[in-house]
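S.K.: Requesting a structural model of the entry that follows:
(one chain, ligands or ions: 1)
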Amino acid sequence: MEQKIPVVILGATGSVGQRMVQLLDSHPWFEVTSLTGSDRSIGQPYGEACHWVLTAPMPTWAREMIVRPTDPGSAPGQVAFSALPVDLARELEPAYARAGAAVCSNASAFREAPDVPILLPEVNAEHAAIIERQRRERGWSGCIVTNSNCTSAGLTVALKALQEAFGLRRGVVVSLQAISGAGYPGVASLDIVDNVIPNIKGEEPKVEAEPTKILGAYRDGAIVPAEVVLSAHTNRVAVSEGHLVCASLEFDRAPSVEQAARVLADYQGPAAARDLPSAPRPPIVVRTEWDRPQPRLDRETGGGQTTVVGRLRPDPLFHLKFVVLSHNTIRGAAGGSLYNAELLVRLGYAGGLP
Ligand SMILES: NC(=O)c1ccc[n+]([C@@H]2O[C@H](COP(=O)([O-])OP(=O)(O)OC[C@H]3O[C@@H](n4cnc5c(N)ncnc54)[C@H](OP(=O)(O)O)[C@@H]3O)[C@@H](O)[C@H]2O)c1
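M.R.: Numbering: from 1, shown residues only. Take a look at the predicted model:
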């Protein structure tokens, strides 16, 4: 691309915002022109306002950028990557869409709206077409798309591959979720060190509902949810990054372990989503060791965008069980938003086609 697309990160100082800054460093299509934060940070250089917790160094271009208020007048962008808390997202993301920006949100504020897609491009790139209806009905020239809850992300990629091949009916999923999923500073160290917290407020309904929307069919301007029933248990564990999910599933046609492994490893996803800069390469990796995937060893697979599946085995209650890992602040958040934005550019919903 001769000229890069100017983008803004809303809530750039937090856990997901930092990942956005890191992943947008030297992006082939996008250039960060504004960073926003709360009153705590506005007016300060990003390098001072942000408590950087990533191992990669803060990019030099970000260090001196002054953190701005979150409004399209002060901090414009053709694409707005939103890492805002949910209440603020509900109020501020529509302002950006009205100003013509393509809002790629990490927040859950609009995930349930019938005219807003929850996009995982390697699963449901075709759902982006609902933006036409969103623009018509809401009267704005921009758009809002969301990524899924971080726990649903890798799980739903694996479910999609299996659903296509064997017809998915129902299942039980149990998460072991990293601390960074709670943002920064997140869970108090005295609560999580040497401990597991057997609930994450508001998480289980999301993990039960979001995959059914993402796996649904796009028909006549509507997303028809898949007829899949999931029961979720969600737990916070003392891991810095990488959410594990243990899944037991029932299908229309019971696969053997070998058939399931082949279908997962061969999964490609829709053509429109395959060769984008942030596309996972490959979408799914299948591990065969007795003790993988593990968050610390496997979360960086495919730059943190690839879903890692392991421990595939028969399930005595349903048909198949396995463990799935995905990087929560990359594939489950910032990397997911970036992939969504690239898809929107490719489809003409966020400026020109590179
Ligand atoms: N962490 C994950 O793995 C993950 C995964 C998927 C989705 N999400 C979602 O992504 C969003 C961000 O999560 P996070 O974990 O990054 O949270 P976080 O670490 O708490 O960061 C929140 C960000 O919002 C900013 N903010 C707070 N109040 C603001 C205001 N009044 N105006 C403008 N900005 C304001 C903060 O800025 P200051 O620092 O300046 O206060 C900070 O940059 C949430 O909706 C979360 O549910 C998170």
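S.K.: Need phi/psi at whatever residue of the stretch 1-150 of the chain ends up closest to the ligand.
M.R.: Closest approach between the stretch 1-150 of the chain and the ligand, counting by CB to the nearest ligand atom: Gly14, at 1.9 Å. From N, CA and C alone the C-beta is placed, and that goes for glycine too. Dihedral angles of Gly14 (phi, psi; degrees, to the nearest 10) stand at phi -80, psi -170.
S.K.: tell me which element Leu35 falls in.
M.R.: Take DSSP states H and E as the rule and Leu35 turns out to sit in strand 30-35.
S.K.: That strand and the ligand, any residue contact?
M.R.: No: Strand 30-35 does not reach the ligand (CB under 6 Å from any ligand atom); its nearest approach is 8.9 Å.
S.K.: again, but for stretch 286-295
M.R.: No: on the criterion CB under 6 Å from any ligand atom, stretch 286-295 is out of touch with the ligand, staying 12.8 Å away.
S.K.: mind listing what's buried in that stretch?
M.R.: Val286, Arg287, Arg292, Pro293, Gln294, Pro295 (16 or more other CB atoms under 10 Å).
S.K.: quick revisit: and the strand holding Leu35, which residues are buried?
M.R.: Of the residues in strand 30-35, those buried (16+ other CB under 10 Å) are Phe30, Val32, Thr33, Ser34, Leu35.
S.K.: residue contacts, the residue of the stretch 51-200 of the chain found nearest the ligand?
M.R.: Minimum separation of the stretch 51-200 of the chain from the ligand (CB to the nearest ligand atom) falls at Gly183, amounting to 2.9 Å. Counting by CB atoms under 8 Å, 6 or more residues apart in numbering, Gly183 touches Gly14, Ser15, Val16.
S.K.: which outside residues touch stretch 195-205?
M.R.: 149, 151, 175-177, 181-182, 187, 191, 232-238.
S.K.: next one: stretch 286-303
M.R.: 178, 239, 241-244, 261, 264-265, 280-282, 285, 308-312, 323-327, 330, 335.
S.K.: Three-state assignment for the closest residue to the ligand within the stretch 251-354 of the chain, please.
M.R.: When scored by CB to the nearest ligand atom, the stretch 251-354 of the chain has Ala333 as its residue closest to the ligand, at 3.5 Å. State at Ala333, reduced to three classes by DSSP: H, G, I helix; E, B strand; the rest coil: helix.
S.K.: measure it to Val286 for me?
M.R.: 24 Å (CB to CB, to the nearest Å).
S.K.: Val7 now?
M.R.: 34 Å.
S.K.: Could you give the average pLDDT over stretch 187-203?
M.R.: For stretch 187-203, mean pLDDT rounds to 97.
S.K.: Send me that stretch as PDB with only the CA atoms.
M.R.: Taking C-alpha atoms only, stretch 187-203 is exported to PDB below (Å, rounded to 0.1, in the frame of the first residue of the first chain):
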ATOM      1  CA  VAL A 187      -7.000  -9.800  39.800                       C
ATOM      2  CA  ALA A 188      -5.200  -9.000  43.100                       C
ATOM      3  CA  SER A 189      -2.100 -11.200  43.500                       C
ATOM      4  CA  LEU A 190      -3.300 -12.300  46.900                       C
ATOM      5  CA  ASP A 191      -6.400 -13.700  45.300                       C
ATOM      6  CA  ILE A 192      -4.700 -15.600  42.500                       C
ATOM      7  CA  VAL A 193      -1.200 -16.800  43.600                       C
ATOM      8  CA  ASP A 194      -1.400 -20.400  44.800                       C
ATOM      9  CA  ASN A 195      -5.000 -20.500  43.800                       C
ATOM     10  CA  VAL A 196      -7.800 -21.100  41.200                       C
ATOM     11  CA  ILE A 197     -10.900 -18.900  41.300                       C
ATOM     12  CA  PRO A 198     -13.800 -21.100  40.200                       C
ATOM     13  CA  ASN A 199     -15.900 -18.400  38.600                       C
ATOM     14  CA  ILE A 200     -15.400 -15.400  36.300                       C
ATOM     15  CA  LYS A 201     -18.300 -13.000  36.600                       C
ATOM     16  CA  GLY A 202     -20.500 -12.900  33.500                       C
ATOM     17  CA  GLU A 203     -18.200 -15.200  31.500                       C
END
